[in-house]
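Asks: predicted model follows, preceded by the sequence.
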Amino acid sequence: MNLQLLKPKKALNKAYLKIKPIRSEIEAFKENLTALLDNSNEVESEEFHKNLVADFLKRTYYDPNYFMLIKGLTRNTDIVLH
């Protein structure tokens, strides 16, 4: 398999290149990603990390306009967004 390194400008759909990033959203992403990485622990379970990822997604993209629920899923189901 031959992997080719692409710059974001080449890898992204052209429609996304027209969207101007908002500085406050970039800063919130960086802050939330740092918190996610700081709280991760390689000796913890997948369930523990699943909750960290869910919190990251909520804080970064969905709160306060959207919410995430577990709908008819068992405790061991991976994260599902409806």
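Replies: Arrived safely.
Asks: got the phi/psi numbers for residue 67?
Replies: When read as degrees, to the nearest 10, the backbone of residue 67 gives phi -140, psi 160.
Asks: mind checking the SS state of the closest residue to it other than its chain neighbours?
Replies: Among residues not flanking residue 67 along the chain, residue 58 sits closest, at 7.7 Å (C-beta to C-beta, 6 or more residues apart in numbering). C-beta coordinates here come from the backbone N, C-alpha and C atoms, glycine included. Of the three states, residue 58 takes helix under DSSP: H, G, I helix; E, B strand; the rest coil.
Asks: now residue 58: how far from residue 15?
Replies: 26 Å (C-beta to C-beta, to the nearest Å).
Asks: what do you get for residue 43?
Replies: For residue 43, the distance to residue 15 - C-beta to C-beta - is 42 Å.
Asks: what about residue 68, neighbour count?
Replies: By the criterion of other C-beta atoms under 10 Å, residue 68 has 16 neighbours.
Asks: related to what we said a few turns ago, isn't the residue nearest to residue 67 right up against residue 68?
Replies: Yes - with contact defined as C-beta atoms under 8 Å, residue 58 reaches residue 68; the gap is 5.9 Å.
Asks: can you tell me the centre-most residue of this protein?
Replies: Most central in the chain under C-alpha atoms, centre = their mean is residue 57, positioned 4.8 Å from the mean C-alpha point.
Asks: which residues touch the helix of greatest length in the chain?
Replies: The residue-count maximum for a helix in the chain (DSSP state H) belongs to helix 23-39. Contact with helix 23-39 is made by 52-53, 55-56, 59-60, as judged by C-beta atoms under 8 Å, 6 or more residues apart in numbering.
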